[in-house]
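**Q** Need the 3D shape of this:
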Amino acid sequence: MKIGIDIGGTKCAVVLGDDTHIEKKIKIATTTCEETVENIVKAVSEIGCGDAIGISCGGPLDFEKGIIMSPPNLVGWNDVHITEMMTDRFCVPAYLCNDANAGALAEWKYGAGKGTKNMIFLTFGTGFGAGIIFDGRLYKGTSGMAGEIVHIRLCDYGPVGYGKQGSAEGFCSGGGLAQIGRTLAAEKLQRGLTLPYCGSVAELDNICAKVLADYAHRGDETGLEAYRICGEMLGRSLSILIDLLNPEAIVLGSIFARDEELIRPHMEKVLERETLSAARSVCRILPAALGESSGDFAALAVAFEGEKNVG
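**A** Next up, the predicted model:
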């Protein structure tokens with residue numbers, strides 16, 4: 001049995017599981033670094049015995065030394081030697097992996113990418129993180145930064161993601177969709193029009209990816225347009241990955257898994273136009289399969305892969 005620790009900006013989870021399922025789970029609120037780490041240690045003590053610990057956390061990280069290095073969604077988590085803490089306390093090996101790479105391991109080991117040799121996973125949630133499985137192994141690059149398609153600038157101007165206007169994350173993420181929707185709504189408001197979910201400039205901040213999707217499913221013009229833009233830019237992003245890395249599958253999480261029908265037609269049109277047919281024909285674009293359990297399985301996958309793919 002292995003122990004998985006999923007560290008998030010608002011909540012954490014500690015799970016115990018084997019190669020096929022999760023046996024136990026304890027949820028923890030993310031508060032201060034010191035308090036949260038203390039509660040994680042308590043949860044690991046309570047949950048049972050595992051022979052390795054896997055930790056999934058948003059970056060930046062030093063994955064080789066097992067250090068959490070001030071992630072933007074974890075204020076105050078500065079230079080946290082998390083694997084050393086866990087190993088010293090529980091006398092078992094501990095491994096650290098960024099959440100996108102851990103998600104790639106999980107979908108490859110348990111989910112939509114199971115059985116593939118070359119696979120790419122894109123989180124497509126609040127952000128647009130990426131993890132690459134290359135030749136049956138997690139590919140991290142020289143400094144753990146491989147796969148940052150999120151940072152590629154698709155346009156000179158556009159929604160901001162990963163600190164860059166017009167980046168892939170700017171267009172293909174929950175935060176990016178919200179920016180696109182607010183811009184489209186602001187245009188209508190300035191023309192004297194209103195939307196059922198936005199009647200004034202003061203309400204623009206209420207627009208998010210879920211609101212846009214809910215109304216797009218009802219035929220709302222602005223919601224459909226936001227998802228068209230997102231889908232086309234997703235197609236551009238995937239075209240780069242398909243032609244450059246020639247994967248068997250690209251697995252897309254969260255928003256794509258939930259609202260595939262709003263995104264896929266626009267994505268497919270761009271893929272057909274932009275990619276080499278020989279590369280496109282062997283690559284399946286799949287929604288992530290693990291759903292709400294993704295973070296739990298991601299942390300477990302880090303523990304199971306251990307020295308082979310992570311350490």
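**Q** Show me what the helix or strand where Leu105 lies is packed against.
**A** Take DSSP states H and E as the rule and Leu105 turns out to sit in helix 99-109. Applying 3 or more Cβ pairs under 8 Å, 6 or more residues apart in numbering; DSSP states H and E, we find helix 99-109 packed against strand 53-57, strand 119-122, strand 130-134, strand 137-139, helix 294-309. Where you see a C-beta, it was placed from the backbone N, CA and C, and this is true even at glycine.
**Q** what's the angle from the last one to strand 130-134?
**A** Which is helix 294-309. Angle of helix 294-309 versus strand 130-134, following axes from the mean of the first three to the mean of the last three Cα atoms, to 10 degrees, is 40 degrees.
**Q** where does helix 294-309 sit relative to the chain's centre, distance-wise?
**A** When distances are taken as Cα atoms, centre = their mean, to the nearest Å, helix 294-309 is centred 15 Å away from the chain's centroid.
**Q** what sits up against that helix?
**A** Residues outside helix 294-309 that contact it (Cβ atoms under 8 Å, 6 or more residues apart in numbering): 2-6, 8, 13, 15, 17, 19, 22, 25, 50, 52-56, 93, 95-97, 99, 102-103, 105-111, 137-138, 253, 288, 290, 310.
**Q** how about a cut-off of 7 Å?
**A** By Cβ atoms under 7 Å, 6 or more residues apart in numbering, the residues outside helix 294-309 that reach it are 2-6, 8, 13, 15, 17, 19, 22, 25, 52-56, 93, 95, 97, 99, 102-103, 105-106, 109-110, 137-138, 253, 288, 290, 310.
**Q** tell me the mean pLDDT over that helix?
**A** Mean per-residue pLDDT for helix 294-309: 85.
**Q** Can you give me the buried ones in it?
**A** For helix 294-309, burial by neighbour count (16 or more other Cβ atoms under 10 Å) applies to 294-306, 309.
**Q** The second one now?
**A** For strand 119-122, the neighbour count (16+ other Cβ under 10 Å) marks 119-122 as buried.
**Q** So for the residue nearest the centre of the chain, what's the pLDDT?
**A** Centroid-nearest residue in the chain: Thr123, 2.5 Å away (criterion: Cα atoms, centre = their mean). pLDDT, Thr123: 91.
**Q** for it, phi and psi?
**A** Phi and psi for Thr123, reported as degrees, to the nearest 10, are phi -60, psi -50.
**Q** and Val15, helix, strand or coil?
**A** Here Val15 is recorded as strand under DSSP: H, G, I helix; E, B strand; the rest coil.
**Q** Now do the same contact list for it.
**A** Going by Cβ under 7 Å, 6+ apart, Val15 touches 4, 22, 24-25, 296, 299-300.
**Q** so where's this structure shaky on pLDDT?
**A** Counting by pLDDT under 70, the chain has low-confidence residues at 307-311.
**Q** Narrow the contacts of helix 294-309 to those that are buried.
**A** For the contacts of helix 294-309, buried by 16+ other Cβ under 10 Å: 2-6, 8, 13, 15, 17, 22, 25, 52-56, 93, 95, 97, 99, 102-103, 105-106, 109-110, 138, 253, 288, 290, 310.
**Q** follow-up on the earlier one: for the buried residues of strand 119-122, could you give me TSV that also reports distance to Leu74?
**A** Compiled in TSV, these are given as follows (distance: Cβ to Cβ, whole Å):
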residue	distance to Leu74
Met119	28
Ile120	26
Phe121	22
Leu122	22
